[in-house]
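**Q** Pasting the sequence and the predicted model now:
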Amino acid sequence: MKNALRNKNFLVGIFLTGFILAIALISFVWTPFDTTKLIIADRLKAPNLTYLLGTDHFGRDIFSMVMVGARNSIAVAFFAVGIGILIGVPLGCWAAAKRGFVDELLMRSSDIIFAFPALLSAVMITAIFGPSATNAIIAIGIFNIPVFARVARGAALSIWSREYILAARASGKGAVRITREHILPNITNILVVQGTIQFSLGILAEAGLSYVGLGTQPPDVSWGRMLNEAQTMMSIAPHMAIIPGVAIIVTVLGLNLLGDGLRDLLDPRLQRER
Amino acid sequence: MAYYIVRRLLIVLLTLWVASVIIFAMLQVIPGDPAQLMLGINATDDSIAALRSQLGLDVPLLQRYLNWMSGMMVGDFGYSYTYGAAVGSLIAERVVVSLPLALIALTLSTVIAIPVGIFTASRRGTATDTTAMAITQVGIAIPNFWFAILLVYIFAISFRLVPAGGFPGWDTGLWPALKSLLLPAIALALPQAAILSRVTRSALLDTMAEDYIRTARAKGLTAQHVLWHHALRNALIPVLTILGLQFAFLLAGTIIIENVFYLPGLGRLVFQSIQRLDLMVVQSVVVLLVASVILINFLVDLAYAWADPRLRREG
Amino acid sequence: MASPLLKIKDLSLKVAETKILHDIDLQVERKQIVGIVGESGSGKSLTALSVMQLLPKVCKLGGLIEFDGKDLLNMSEKSMCSLRGNEIGMVFQEPMTALNPVKTIGEQISEGIRWHTNVSRAEAEERARHMLDRVGLPSSKYPLDRYPHELSGGQRQRVVIAIATALNPKLLIADEPTTALDVVLQAQILDLLKELVADNDMALILISHDLGVVADVADDITVMRKGVVEETGPTVQVLKEQKHPYTAQLAKASVHIPAWQNRAQKPAAEPLLQINELNKTYNGRRTGFVSRAPDFTAVNNVSFSIANGRSVGLVGRSGCGKSTLARMILGLSKPTNGAIQFDGKVTTDLDDNAMRASRRHMQVVFQDPYGSFNPRKTVEWLVAEPLFLEDENLTRNQKRERIAGALTEVGLQADAMKKYPHEFSGGQRQRIAIARALITRPKLIVADEPVSALDVSIRAQVLDLLAKLNDDLGIAFLFITHDLSVARAITHEVMVMDEGKIVEQGRTADILDNPQTQAAQMLVDATPDLQQAIERRSANN
């Protein structure tokens, strides 16, 4: 705990992430303005005292939209990471326990998935099944599966080579039990760190998909969606594009710093020295 | 060595084949009938059937896959009805935009990132290092298309230094063409350079902590000499891995970036074709992109073997 | 009298506010061999790295280091570079990682030569070739274009020595140069160092945790503990008189023989473990389209038996197949063919479920007290793990009682069970590992190098514990070790393994005092023996 307070990356990361999470949660109960009401008279206002971050071409308050948009951006990234962990981690652990053919098959399949530029495939998937936030989750989630499978496999393999695994086997424990009791607790740290990285990539991917019109659909709001609408207004209302971009950067930056900080804090090599 | 290369090559072919099956299968599950979609709701059943047979949609699935594959073997990528042109010539037209764009971006990212990585690693802990790393940390967080919009606003709209979008074609001369690729390339390259320079730095620092670095220092070599002659080549492997991944990322990035800049490249072609359900174009372009990723990764594998003698004799 | 080659006076080393070295004094004359001995954490390696000025930046040095009249602590980095490798060479502990994997050994040796002397590439390579010959890697068999991964650990250490001595430095520092090698290689490397030092008029600082290693080689000896020099003096005098209590304690611990009542016990008639013509062959790895490396036979037609309550040593060089054999006995690896009979049951063909009863009576203790516990579980959980093999379901209290009992038996408090493994020292962890092995009341414990990673004083205590367990509980032991002094201390019988085969077996004293085969002879000759070394050295004086 003391170390956590001394780790700058962790502190800044948790602050930024916490801030974004907070505004997303607050938006459920309160926003400065109602984002579903269009006030055409107030359209394209630059930031001012009434509208802290200005308004868009329908006269909606951008500050409120950033708050509401955070919900969608975070939700898409969160569920996409969830898919990756729930499917990828068991696969990776299975491959590490079985080795041989299963392992080879898993590695080669993940090679194949990695050969598809992720965004290209996400574009294909969302285009084929129709653009929606749900399909964006699935499209991003599919590419998280091999990421988590590989990370889990690599970490699990190194745990499998420890002597305490031999001791557990000498105690008659089978692969499933050993994975549950010895492997999983010891690879959680690595998975948490990878999780924050994939989370931030998920935010970026959602933004990209929504920006080209394949993610969150109107009237729902997300940061990528806001950028999509801002592009044509660029020359008259640049704040419409700048603000959601900054929101994305702050979130991704926060998550990356949090990941770096966690990696340092959870590193067993550092723990031993304590 | 020959065994290593041939083994990799076999894996490449297998991966390519599986990828082609996946792409083909994915496009079969598209809801709706492309022929119906192209002709609109007023079309007669007869005309739809005629178009279906023209599109080759009336033969069995396996036959269709084989036709497509055997066509591609001889350079026949099929015919696009929405563009009214052979897919092959469409690709040829577009590839001269996308390929230079990806290459310029990759080169730009590499020539920026590797020196930054080396420089910061050799000055670890100094103010220069801390500042540079803070900048790269932000750089990673910037979505490239947002950066692109910003660049357009600053350099094209405010200062009018470069065109805001579009592509004049190579026949208008080298400079005008390059000028229109400049902003997109920078938008693609800088966020990538941020990642690559961090990877280079941390790979170098990890390597500098190895035992053999101490052995080299005990010979009397200076810290700088050891960094260049011992650490760099060992640190290259993670850097190569990221370079390989970045190529795939750049290709995907072109889809969005080409949309921001209205560039007539492969990314925009595939994006528009998906929306028009022009399967022939989509599957051929996607296979081409996937193949180039696989090829790049094969080259990265060869580079590994060059960088690390331990791999040369193993399988 | 000329000034000494190296003079260290009041050397102190601080990391942040913690002082790690306290007022170290050390002197090395020209052509002299000085041994530095100490257990882990004594600061012996840090002292060596201080001389090289290769410490991490966080270390702050104070005091004086004078080499050949030059003040090293106030020297510029540039002048230090011209000194390192040229006038002071250094050999490190871990030969497997000490060489750059992507450069040939020729490049790595000639690099230092060219750096310091301006000779042409061809000439540097000629000298590198000569150095390889000199360290026992004739260039006809080991050309300059070999990569480190093509060499074994012992060969790599020879290359490191060639690098360190290529320019005939006045001082060579060897930091635990043989600790990672088996005893036979250790003896060879020590001989090589002695020869090089004598032929080239070098001085040598030999750092080791093993008094036996230093006793044979060093003129002077310095004993360190916790960053302090405890004693310094001529080797023979220091070790013979053992005036300083810590030196005496170290010397006693390194030749420790536990009091063991069962030592003279006659073997029981019925065998507990019987091994019949056991084999383990690994397929060679694929190296080309049709070619494979030749198959590797790790265990070759091995037969032996262990009677109830007997302690048997399995000794041999590293890579001789002893650990593979142990894993097959424990049912962790399937033999290629042959049979293992344990407690009247053939275990070779049993599946995991049928194996449970046998496993209950056969437990294991590993070498590494750090790697043998899951760091995220309490000692209670870890010690209880083998109870998984019990058929009846134990209540929580019954379990607790068994765990407390096992911990008490190995000399720990029962309340240790609430703690995590990292809260214990290396020796205590090895006790916990033994408690874990005891909890099912096994008839046999297979111990794979159980004391090799421990400091000598702790090693003595663990050996005492193992002897007591044999006395009190009648547990049979199979000790796997490359260290004959362990075998001598705690086994009735010993088997010598060489290249997958058991080449010699019999009563421990018979084999160790009078080895018949070349493999056994080599092991016996190579094992450092403090008592003999002192006698030999005093006779020469």
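**A** Nice, thanks for sending it over. Not measured: the values here are computed from a predicted model.
**Q** can we go C-alpha only for contacts and neighbour counts from here?
**A** Fine.
**Q** so what's residue 92 up against?
**A** No chain specified, so I'll use chain A. A:Gly92 makes contact with A:106, A:148-154, A:156, according to C-alpha atoms under 8 Å, 6 or more residues apart in numbering or on different chains.
**Q** Actually, chain C is the one I wanted.
**A** By C-alpha under 8 Å, 6+ apart, the residues touching C:Phe92 are B:215, C:98, C:160, C:174-177.
**Q** Residue of the stretch 351-500 of chain C closest to chain B, please.
**A** Closest to chain B within the stretch 351-500 of chain C is C:Ala453: 20.5 Å, counting by C-alpha to the nearest C-alpha.
**Q** From the structure, what's the count of residues near that residue?
**A** Around C:Ala453 there are 16 other residues, counting by other C-alpha atoms under 10 Å in any protein chain shown.
**Q** Just the pLDDT at C:Asn541, thanks.
**A** With respect to pLDDT, C:Asn541 scores 67.
**Q** next one: C:Glu401
**A** 93.
**Q** do the same with the one 5 residues further on
**A** Per-residue confidence for C:Ala406 comes out at a pLDDT of 94.
**Q** ditto for B:Gly40
**A** 69.
**Q** do stretch A:129-144 and chain B meet at all?
**A** Yes - using C-alpha under 8 Å from any C-alpha of the partner chain, stretch A:129-144 comes into contact with chain B via A:Phe129.
**Q** just to revisit the earlier point, show me the two of the contacts of C:Phe92 that sit farthest apart.
**A** B:Thr215 and C:Glu176 (14.4 Å; C-alpha to C-alpha).
**Q** so what does the helix or strand where A:Pro146 lies touch, helix or strand wise?
**A** Counting by DSSP states H and E, the element that carries A:Pro146 is helix A:133-160. The helices and strands touching helix A:133-160, judged by 3 or more C-alpha pairs under 8 Å, 6 or more residues apart in numbering or on different chains; DSSP states H and E, are helix A:62-98, helix A:100-115, helix A:118-129, helix A:184-211.
**Q** mind checking how far the longest one is from the chain centre?
**A** From the chain centre to the centre of helix A:62-98 is a distance of 5 Å (C-alpha atoms, centre = their mean, to the nearest Å).
**Q** In that helix, which residues are buried?
**A** Going by neighbour count (16 or more other C-alpha atoms under 10 Å in any protein chain shown), the buried part of helix A:62-98 is A:62-85, A:87-97.
**Q** Name every strand pairing with the helix or strand where C:Ser12 lies and say which way it goes.
**A** If you go by DSSP H and E, C:Ser12 is part of strand C:6-15. Within its sheet, and counting by DSSP bridges, strand C:6-15 is paired with strand C:18-28 (antiparallel), strand C:59-67 (antiparallel).
**Q** got the residues of the stretch 201-350 of chain C near chain A?
**A** Residues of the stretch 201-350 of chain C lying near chain A by C-alpha under 8 Å from any C-alpha: C:330-332.
**Q** let's see it at 10 Å
**A** The stretch 201-350 of chain C has residues C:327, C:330-332 near chain A, with proximity defined as C-alpha under 10 Å from any C-alpha of the partner chain.
**Q** okay, how far is it across stretch C:196-211, tip to tip?
**A** For stretch C:196-211, the first-to-last residue distance is 22 Å (C-alpha to C-alpha, to the nearest Å).
**Q** what's the distance between that stretch and the middle of its chain?
**A** Relative to its chain's centre, stretch C:196-211 lies at 19 Å (C-alpha atoms, centre = their mean).
**Q** show me what contacts residue 188?
**A** Reading this off chain A. By C-alpha atoms under 10 Å, 6 or more residues apart in numbering or on different chains, the residues touching A:Thr188 are A:152, A:155, A:194, A:266.
**Q** nope, chain C please
**A** C:Gln188 is in contact with C:136, C:154, C:158, C:178, C:194, C:526, counting by C-alpha under 10 Å, 6+ apart.
**Q** Let's see which of those end up in helices.
**A** C:154, C:158, C:194, C:526 (DSSP state H).
**Q** Which of the helices and strands packed on helix A:133-160 comes out lowest on mean pLDDT?
**A** Ranked on mean pLDDT, the bottom entry among the helices and strands packed on helix A:133-160 is helix A:118-129, at a mean of 79.
**Q** what angle separates that one from helix A:100-115?
**A** Angle, helix A:118-129 to helix A:100-115, by axes from the mean of the first three to the mean of the last three C-alpha atoms, to 10 degrees: 80 degrees.
**Q** Compile the contacts of A:Gly92 into CSV and extend it with columns for neighbour count.
**A** Below are the contacts of A:Gly92 laid out as CSV (neighbours: other C-alpha atoms under 10 Å in any protein chain shown):
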residue, neighbour count
A:Leu106, 20
A:Phe148, 27
A:Ala149, 26
A:Arg150, 21
A:Val151, 19
A:Ala152, 28
A:Arg153, 27
A:Gly154, 17
A:Ala156, 24
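**Q** Burial check on residue 115, number of neighbours?
**A** Just so you know, I chose chain A. For A:Ala115, using other C-alpha under 10 Å, the count is 23.
**Q** my bad, chain C
**A** Neighbour tally, C:Trp115, other C-alpha under 10 Å: 18.
**Q** Then the one 5 residues further on?
**A** By other C-alpha under 10 Å, the residues close to C:Ser120 number 12.
**Q** got the contact list for it?
**A** So C:Ser120 contacts C:110, C:113-114, C:126 (C-alpha under 10 Å, 6+ apart).
**Q** And the residues you listed, which of them are buried?
**A** Buried, going by 16+ other C-alpha under 10 Å: C:110, C:113, out of the contacts of C:Ser120.
**Q** which of the contacts of C:Ser120 lies closest to A:Ala133?
**A** Nearest member of the contacts of C:Ser120 to A:Ala133, counting by C-alpha to C-alpha, is C:Ser110, at 62.6 Å.
**Q** hang on, the earlier thing: can I get the strands paired with strand C:6-15 in a markdown table with distance to C:Glu409?
**A** Below are these laid out as a markdown table (distance: least, C-alpha to C-alpha, whole Å):
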| stretch | distance to C:Glu409 |
| --- | --- |
| strand C:18-28 | 36 |
| strand C:59-67 | 43 |
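**Q** Point out the least confident member of the contacts of A:Thr188, please.
**A** pLDDT across these is lowest for A:Leu266, at 77.
**Q** Low-confidence ranges, the stretch 351-500 of chain C, go.
**A** Across the stretch 351-500 of chain C, nothing is flagged by pLDDT under 70.
**Q** mind checking how far the helix or strand in which B:Phe249 is found is from the chain centre?
**A** In this assignment (DSSP H and E), B:Phe249 forms part of helix B:232-260. Its chain's C-alpha centre and that of helix B:232-260 lie 7 Å apart, by C-alpha atoms, centre = their mean.
**Q** center of chain C, which residue is that?
**A** By C-alpha atoms, centre = their mean, chain C has its centre lying nearest to C:Thr179, at 4.9 Å.
**Q** Can you tell me the closest non-neighbouring residue to that one?
**A** Once flanking residues are discounted, C:Thr179 sits nearest to C:Gln93: 6.5 Å by C-alpha to C-alpha, 6 or more residues apart in numbering or on different chains.
**Q** Would you agree that neighbour is in contact with C:Glu176?
**A** Yes - with contact defined as C-alpha atoms under 10 Å, C:Gln93 reaches C:Glu176; the gap is 4.9 Å.
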